[in-house]
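**Student:** coords please:
(one chain, ligands or ions: 1)
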Amino acid sequence: MKVSVKVPASTANIGPGFDCLGMALPIYNTVTIEETVLPGTGIEINMMSETETIDEMKFDNIPKDENNIVYRAVELLYNSIGQEPSELKINIQSQIPIARGLGSSSSVIVGGLLAANQLLGNPADEAALLAIATEVEGHPDNVAPAILGGFVLSNQEDDGTISYCKLKWPEEWNITVCIPDFELATEIARSVLPKEVPMQDAVFNAKHLAMLVQAVNTKDEKLMKNALQDRLHQQYREKLIPGMKEIVDSFKHEDGVLGCVLSGAGPSLLVISHKYDIDKITTTVREIWEKQNIKVDIRTMKVEEQGAKIEQ
Ligand code: HSE
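**Tutor:** Okay, the predicted model is just below:
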């Protein structure tokens, strides 16, 4: 038996929502899991790129054994019902660029989990799937929109359960995703963050996240422009992303640009705009990154409201 699951990419943090805000985007990975009947064949993991932006060589660095994140998620699911995974063939068709802050790892974790759950007759409910995916990923902000679709505020509670609420992103607000041609592993981007932050920075983010929720709910662009600020992660990660500060600053006083923020752990940037010339965004970002010899793939998109979907 074989099951395929199509999972959207996601962006996380979105300004002040470090580790709790995330949004599904219309770029997809498809994970197929097949229970092979031949005993002793072990696991087989294959990754295929569907786009030229993904260098197949990058797949060589991804573990193809029990350390693979898809396998780890699947194993946790089997273990949760007192079983061990049998012989499995896992195929990943990838459109989501790797290590760019677009939720590529979350998408494959979620795809693997949902496919395995279907193979097992759906023993895990949404809450259990969210909890297992978060355990493997480390935080819920990408896995929640990957499973649920849309714009999601999520939190891992002390008992491990995931609480979440969906917010309605104003359709007219454009999201321009700027994907540079270099990778930044989340591990590295998290290693530059301090263990503790000044109280005023924590308070700054709490206030701005509250503003952001209100701004989204009321489509208040002025409030949103003020809300899209962060003091918990971007200032520390800026040094890993040449040109980032210049790009962010260049949009600060542009009417129609609500903000420019790091996508997840980076290095991609998100420009959120309304009634603003998208070509102008493209030119600004391209020119600044060109000075750093960085090529960039720029795509303007809407939120993907549909979460992970079983295809067969
Ligand atoms: N919230 C996470 C971070 C997203 O910023 O590190 C990346 O997985």
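
**Student:** CA atoms for contacts and neighbours, from now on please.
**Tutor:** OK.

**Student:** what pLDDT, on average, does the lengthiest strand in the chain get?
**Tutor:** Counting residues, the longest strand in the chain under DSSP state E turns out to be strand 17-35. Strand 17-35 shows a mean pLDDT of 96.

**Student:** what do you get for stretch 237-253?
**Tutor:** Per-residue pLDDT over stretch 237-253 has a mean of 97.

**Student:** which residues are contacting the helix-or-strand element of the chain with minimal mean pLDDT?
**Tutor:** Ranked by mean pLDDT, DSSP states H and E, the helix or strand of the chain with the weakest confidence is strand 43-49, at a mean of 83. Residues from elsewhere that reach strand 43-49 (C-alpha atoms under 8 Å, 6 or more residues apart in numbering): 55-56, 59, 64-66, 87-95.

**Student:** same thing but at 7 Å, please
**Tutor:** By C-alpha atoms under 7 Å, 6 or more residues apart in numbering, the surrounding residues in contact with strand 43-49 are 56, 59, 64-65, 87-95.

**Student:** and what of stretch 291-299?
**Tutor:** Residues contacting stretch 291-299 (C-alpha under 7 Å, 6+ apart): 176, 177, 178, 179, 180, 181, 242, 282, 286, 289.

**Student:** Could you report the neighbour count for the second one?
**Tutor:** Pointing back at residue 177 there. Close neighbours of residue 177, defined as other C-alpha atoms under 10 Å, add up to 25.

**Student:** again with residue 126
**Tutor:** Residue 126 - counted by other C-alpha under 10 Å - has 12 other residues nearby.

**Student:** Show me the helices in the stretch 201-312 of the chain, by range?
**Tutor:** 221-227, 234-237, 244-251, 278-291 (DSSP state H, counting those that start in this stretch).

**Student:** Mind checking those for the one nearest to the ligand?
**Tutor:** With C-alpha to the nearest ligand atom as the measure, helix 234-237 is the member of the helices of the stretch 201-312 of the chain nearest the ligand (8.7 Å).

**Student:** Is there proximity between that closest one and the ligand?
**Tutor:** No - residues of helix 234-237 are not located near the ligand by C-alpha under 6 Å from any ligand atom, the shortest gap being 8.7 Å.

**Student:** got the contact list for that helix?
**Tutor:** Contacts of helix 234-237 (C-alpha under 7 Å, 6+ apart): 189, 192, 193, 262.

**Student:** who wins for neighbours among those residues?
**Tutor:** Counting by other C-alpha under 10 Å, top hit in the contacts of helix 234-237: residue 262 with 27 neighbours.

**Student:** Just list whatever residues bridge to residue 47.
**Tutor:** residue 92 (DSSP bridges).
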